[in-house]
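Chemist: give the three-dimensional model of this entry:
(2 chains)
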2 protein chains.
Amino acid sequence: MILRTRNTGGFTIENNAITGYDTFNGVKAFLYLEPEVKPDHVIVEGDNITLNTGSYPEVNRTSIILIFQSLANNILNIRYALSYISVEQAKKNLQNDIKTWDFNSLSDNGRRLWNSVLSKVEIEGGTENQRKVFYTSLYRCHERMIDITEDNRYYSAWSNNIESSNDTTFFTDDWVWDTYLALHPLQLILNPLQQDEKIASYIRMARQSGWMPTFPTVSGDNHAMNGNHSVAVILDAWNKGIRGFDLEEAYDHLKKTIFHETKLPWVKGNATWLDEFYDEKGYFPGLQKGEPETCPEVHSFEKRQSVAVTLASCYDDWCMAQIAKILNKENDYDFFFKRSLNYRNLFNKETGFYHPKDKDGNWIKPFDYRFDGGMGARDYYDENNGWTYIWQPYHALDDLIELMGGTEKFDKKLDQLFSESLGRSKWQYYATMPDATGNVGQFVMGNEPSMHIPYLYNLAGKPWKTQKRVRMLMDTWFRNDLMGVPGDEDGGGLSAFYVFSAMGFYPVTPGIPEYHIGSPLFNKIKIRLQNGNVFTVIAKNNSRFNKYIQAAKLNGNPLNRPVIIHNDIIQGGTLVLEMGEKPNYSWGLEK
Amino acid sequence: MILRTRNTGGFTIENNAITGYDTFNGVKAFLYLEPEVKPDHVIVEGDNITLNTGSYPEVNRTSIILIFQSLANNILNIRYALSYISVEQAKKNLQNDIKTWDFNSLSDNGRRLWNSVLSKVEIEGGTENQRKVFYTSLYRCHERMIDITEDNRYYSAWSNNIESSNDTTFFTDDWVWDTYLALHPLQLILNPLQQDEKIASYIRMARQSGWMPTFPTVSGDNHAMNGNHSVAVILDAWNKGIRGFDLEEAYDHLKKTIFHETKLPWVKGNATWLDEFYDEKGYFPGLQKGEPETCPEVHSFEKRQSVAVTLASCYDDWCMAQIAKILNKENDYDFFFKRSLNYRNLFNKETGFYHPKDKDGNWIKPFDYRFDGGMGARDYYDENNGWTYIWQPYHALDDLIELMGGTEKFDKKLDQLFSESLGRSKWQYYATMPDATGNVGQFVMGNEPSMHIPYLYNLAGKPWKTQKRVRMLMDTWFRNDLMGVPGDEDGGGLSAFYVFSAMGFYPVTPGIPEYHIGSPLFNKIKIRLQNGNVFTVIAKNNSRFNKYIQAAKLNGNPLNRPVIIHNDIIQGGTLVLEMGEKPNYSWGLEK
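Modeler: Next comes the predicted model:
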């Protein structure tokens, strides 16, 4: 057996236990490891050895080699635990968590624990493949956030200290740009108590570091992507009845962060002249094509993402406005609400797209919404092109419909999204848009900013098209075969779209406690809530072909709005959908 | 109804029939078209109009507009025919081929004709999806070549004349680089009489133009890709009993072409200094990385393809040697056979790859067999990288095994091919290798040069691995769902791999009348031959899991070589395979 550090670290052996550490982004991870039998020889590479590690740069590594000359059945049992606090704590973690050498009993215990988690949602019907995709997706929806509490303490990369967790749980590892849309909302339904502790963890990180993080990890705020969408996680939780955290404190941290931290993607630092420009003019300015960068803080690969940053900020400001309202801060509400309409500054009515403007207020022209903006369209958008960003102001979809000229044009634009040609050979397209995969026309199933789009037909008075699209998308892109799932799964970020859609509803706007109804894959879905209630979706006469809703009843009462609210779920109850092979064009038209 | 030319052409209308022509690559295609009812108005755009046609350059187009003011049931029947000879001939073609206005009877007739073609192979077992993929593949295997005979005449782009077809059929449209490996061999089994006429057509093209074409189309030799593989089509046909053409004349045309035409890819012209270099040194020289091109005739995008050209020439020369032997041309045999061993000059024993050399005989170093050579690795290989080209000398596979150091190393190299990482993100890989798709490790299911590779385990004494791989490849990459078939289908070129493999055998070396046995998808395959005989493959106890051959009998006699010969098929008979879930490591080891 060979153990080797990737970075700076080392190993020792004492009483047949290997201890040591490795270092990741400045944070030490400590190891305590026991083999069941004593090794015959042990070699510790006392001197650092230099290794060529292929695609990684050369590093100094340390190794320990354990040689076992004969083993019963050629099997060597080992068990180990990690700690971010110390070797001693790693040993205690092992003693707490793994008390046996019996592999089968450990495995049985793991299965029992996972079954209790996954059986919170019980399904009937569908094919075996669909059930497998559903439960593996639900499994992945529990990948983040991570509890790093160890015996009522945790190592905080925000204070660089070992902190007491005060008899609660400290969570980290969240990639909010990916998770605020569907994964957090799903966890709000399935595990609301943990959601409370997750938000309290966010507040602790802000208290310790001075900033509200956007991508917390074990080693601090990774600060990836754009926006400050922790505000959405917090507002959404509050509006769905989570009250165990201090909203006022959260708001103060958020406000400070939004005012003083730059909006530049992947940049952790103070506001730049671009941020001041935004505050003054109401949009993030883009560079004309070929114009050299004039703001030294801009990330050389991630670029300005000028439209994406503007749209993300509008939505975040809308969330801030809602919290300000809850906290009776009227001036703040007015301020943030007004800013939340900034998306209007970039809406190009001639084309029906959000369109970049330069610092002088000129549209950047000529402009190809499919390919302009370089790698992942990052000069103006982010990972996805202008087609995906049309639908981004989650908080102002009615206004978007108006800007476009009404529901008919909105519906037509959606249809065009799903049918507009890629425009280039697939390999050429992916060379520019490697994150924009799972394509149906210009629609991108493989990335989170598109997840709500098929549900927008509900707003256009065409719920049957939502039903048609979501079934097609689930069937096409989420498969129990070699093709798997598309694109950027992001620790459950995308899987949560599937779990919601397969259950028949989806949270289009985080912060608004409503879910748009799609078309469930299964005949019956039972959600067992932490409060003891059960919410059931029944799809009568459902099949691969019978995907269209003919009629709906919620707790026995006719439902003609394609929406349920959070309380409908949380109080328990039953949604019955009558399914059929042809659309019922008149169902779901109520506003 | 609007008709519009793409290029130079025009329309007239007389007696309710529209006639006209358009021009493609210098060849006129004439039209004769009749609407069932008379139009109310006709507008002929007498002056040419200039149109922007999107991705095409601006061209002068001519239009005719027919306006029908009222139609019964809103249906307008039209019928038309084309001719490469004249409008009058187009009219006769219509009268010969479409005698009715009854859509259903035309459709029924089409179905009847296709059924008689496709029912030459009758299958039992497999899933419905597998049967659909099989018959749609078999359908595509009839896409090329095309009969362009019109009333015993045809337009020849080789003589630029209307030629008599002398009571036979003139075929054109063949992309030999794609079709010589599996599509022609399949047609040799199913339609040998037509194969005779196809080769006679090749000889006519050569007689009329002076060169044996490599990519004949309606407008002449498109001369794409590399090699002169019509020689393989001709040798293979002769060795499989096709005798209705003049082999001596074919040989003379081939010899002249091989001696005087350049081997440069996608270049139609006389030999260059690179060809003289090849004749003298026995390999096509590559440029060192960054070295500027010194041969002006080299195609700016297609490059030298120095290793691919060398390997293609070796195989073509081997085919020439075999024909020379048949024709008792001993000196020619010696000459071509010696040249057929030139692949040895580029085999790098240290790495086990065919490796490019520069004009001074130096290996080009350092060298990455996965990515070096630019777009599609064309500096040295073609469309695929060095991993695919290891297996190219179809005529010298035993020698390849020896060069590699024996069957064990050969087997290991095959295993490595199927497991070696892509080495880059998919999108980065495809940006360089857009034609090398359908990957399993470095193996490329989506392009013809890889089709025989899974069968090479038979040569390594590991037939069970051939059985395992071909079933996995059919299951993974040839699907009756949105994922479809991979890569470059090339008018049946790739589908023929599937048809053969699903029937349980594959022609590894065109020119040698043998087929390597794989693992049939179906329980029973009946091939009804043109000579009235029937060849049947029976796979007993076959299933998705029972894919391994336990034992085999050919016409009642035990078969322990994983090979059948062409006569076994053509004489009719039965191959019985006993299938099982575990490999029988001792079956199929006879040489």
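Chemist: pLDDT weak spots in chain A?
Modeler: A:46-60 (pLDDT under 70).
Chemist: residue nearest the centroid of it?
Modeler: Nearest to the mean C-alpha position of chain A, by C-alpha atoms, centre = their mean, lies A:T179 at 1.7 Å.
Chemist: touching, it and A:R144? I think so.
Modeler: Yes - applying C-beta atoms under 8 Å, one finds A:T179 in contact with A:R144, separated by 6.5 Å. For glycine as for every other residue, the C-beta is placed from the backbone atoms N, C-alpha and C.
Chemist: which parts of chain A sit against chain B?
Modeler: By C-beta under 8 Å from any C-beta of the partner chain, the part of chain A that sits against chain B consists of A:425-428, A:430-431, A:434, A:476, A:482-483.
Chemist: centre of the chain to the longest helix along chain A, how far?
Modeler: If you go by DSSP state H, chain A has its longest helix at helix A:306-326. Computed by C-alpha atoms, centre = their mean, to the nearest Å, the chain-centroid distance of helix A:306-326 equals 18 Å.
Chemist: okay, buried residues for that helix please.
Modeler: Neighbour-count burial for helix A:306-326 flags A:306-324 (criterion: 16 or more other C-beta atoms under 10 Å in any protein chain shown).
Chemist: which is the next helix or strand following that helix?
Modeler: helix A:330-339 (DSSP states H and E).
Chemist: quick one: the helix or strand just after that next one to chain centroid distance?
Modeler: For helix A:330-339, the following helix or strand on the C-terminal side (DSSP H and E) is strand A:347-348. In this view, strand A:347-348 has its centroid 28 Å away from the chain centroid, taken as C-alpha atoms, centre = their mean.
Chemist: what pairs with strand A:347-348, parallel or antiparallel?
Modeler: When pairing is defined by DSSP bridges, strand A:347-348 lines up against strand A:353-354 (antiparallel).
Chemist: secondary structure added to the residues of chain A next to chain B, as CSV?
Modeler: Output for the residues of chain A next to chain B, formatted as CSV (DSSP: H, G, I helix; E, B strand; the rest coil):
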residue, secondary structure
A:S425, coil
A:K426, helix
A:W427, helix
A:Q428, helix
A:Y430, helix
A:A431, helix
A:P434, coil
A:T476, helix
A:L482, coil
A:M483, coil
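Chemist: name the member of the residues you listed with the most neighbours.
Modeler: A:Y430 (23 neighbours; other C-beta atoms under 10 Å in any protein chain shown).
Chemist: and the residue nearest to that residue when sequence neighbours are not counted, what does it touch?
Modeler: Leaving aside its chain neighbours, A:Y430 sits nearest to B:W427 (3.9 Å; criterion: C-beta to C-beta, 6 or more residues apart in numbering or on different chains). Going by C-beta atoms under 8 Å, 6 or more residues apart in numbering or on different chains, B:W427 touches A:427, A:430-431, A:434.
Chemist: with those residues in mind, which one is nearest to A:L82?
Modeler: A:P434 (32.7 Å; C-beta to C-beta).
Chemist: help me confirm that the closest one comes into contact with B:S425.
Modeler: Yes - A:P434 is within contact range of B:S425, at 6.6 Å (criterion: C-beta under 8 Å).
Chemist: any idea how far the helix or strand harbouring A:V42 is from the middle of the chain?
Modeler: Assigned by DSSP H and E, A:V42 belongs to strand A:41-44. Distance of strand A:41-44 from its chain centroid, counting by C-alpha atoms, centre = their mean, is 44 Å.
Chemist: which helices and strands sit right next to it?
Modeler: Identification of packing neighbours for strand A:41-44 by 3 or more C-beta pairs under 8 Å, 6 or more residues apart in numbering or on different chains; DSSP states H and E yields strand A:10-14, strand A:63-67.
Chemist: quick check: neighbours of it in the sheet, parallel or antiparallel?
Modeler: Note on strand A:41-44: by DSSP bridges, its sheet partners are strand A:63-67 (antiparallel).
Chemist: contact partners for the nearest residue to A:P449 once chain neighbours are set aside?
Modeler: Leaving out its chain neighbours, the residue that sits closest to A:P449 by C-beta to C-beta, 6+ apart is A:T388, at 5.3 Å. By C-beta under 8 Å, 6+ apart, the contact set of A:T388 is A:381, A:436, A:442-444, A:447, A:449-450, A:453.
Chemist: assign A:T388 to helix, strand or coil.
Modeler: Local secondary structure at A:T388 is given as helix here, using three-state DSSP.
Chemist: distance from stretch A:276-296 to the middle of the chain?
Modeler: The answer for stretch A:276-296 is 28 Å, by C-alpha atoms, centre = their mean.
Chemist: ok, residues contacting it?
Modeler: Counting by C-beta under 8 Å, 6+ apart, A:263-264, A:272-274, A:304-307, A:309-310, A:313, A:339, A:342, A:345-346, A:356-359, A:361-362, A:364, A:372, A:379-380 sit against stretch A:276-296.
Chemist: for that stretch, measure first residue to last.
Modeler: 15 Å (C-alpha to C-alpha, to the nearest Å).
Chemist: could you chop chain A up by domain?
Modeler: Chain A is divided into the following domains under automatic domain parsing: A:2-101, A:122-580.
Chemist: make JSON lines out of those and add distance to B:D40.
Modeler: Compiled in JSON lines, the domains of chain A are given as follows (distance: least, C-beta to C-beta, whole Å):
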{"stretch": "domain A:2-101", "distance to B:D40": "70"}
{"stretch": "domain A:122-580", "distance to B:D40": "32"}
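Chemist: highest average neighbour count across the ones you listed?
Modeler: domain A:122-580 (a mean of 20; mean count of other C-beta atoms under 10 Å in any protein chain shown).
Chemist: would you confirm that A:H452 contacts A:P510?
Modeler: No - using C-beta under 8 Å as the test, A:H452 is too far from A:P510 to be in contact (9.6 Å).
Chemist: who touches both of the two?
Modeler: Residues touching both A:H452 and A:P510 (C-beta under 8 Å, 6+ apart) are A:181, A:394.
Chemist: and the spatially closest residue to A:Q442 that is not a sequence neighbour, how close does it get to B:L397?
Modeler: Spatial nearest neighbour of A:Q442, excluding adjacent residues (C-beta to C-beta, 6+ apart): A:W387 at 3.9 Å. Per C-beta to C-beta, to the nearest Å, A:W387 is found 50 Å from B:L397.
Chemist: repeat for A:R471
Modeler: Counting by C-beta to C-beta - A:R471 and B:L397 are separated by 49 Å.
Chemist: touching the strand holding A:V42 from outside, list them.
Modeler: A:11-13, A:63-67.
Chemist: export that strand as PDB, just CAs?
Modeler: Output in PDB follows, covering the C-alpha atoms of strand A:41-44 (Å, rounded to 0.1, in the frame of the first residue of the first chain):
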ATOM      1  CA  HIS A  41       7.900  -3.500   6.300                       C
ATOM      2  CA  VAL A  42       7.300   0.300   6.300                       C
ATOM      3  CA  ILE A  43       9.200   2.800   4.200                       C
ATOM      4  CA  VAL A  44       8.800   6.400   4.900                       C
END
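Chemist: tell me where the stretch 51-200 of chain A has helices.
Modeler: A:87-97, A:103-118, A:128-140, A:176-179, A:183-190, A:192-209 (DSSP state H, counting those that start in this stretch).
Chemist: show me the contacts for the residue nearest to the centre of chain A.
Modeler: A:144, A:233, A:490-493, A:496.
Chemist: let's see 7 Å
Modeler: A:144, A:493 (C-beta atoms under 7 Å, 6 or more residues apart in numbering or on different chains).
Chemist: ok, A:F367 next?
Modeler: A:F367 neighbours (C-beta under 7 Å, 6+ apart): A:H355.
Chemist: same question, A:F170
Modeler: Neighbours of A:F170 in contact, by C-beta under 7 Å, 6+ apart: A:148-149, A:154, A:201, A:204.
Chemist: show me what the closest residue to it other than its chain neighbours is bridged to.
Modeler: Nearest non-adjacent residue to A:F170, counting by C-beta to C-beta, 6+ apart: A:Y154, 4.2 Å away. Beta-bridge partners for A:Y154, by DSSP bridges, are A:E163.
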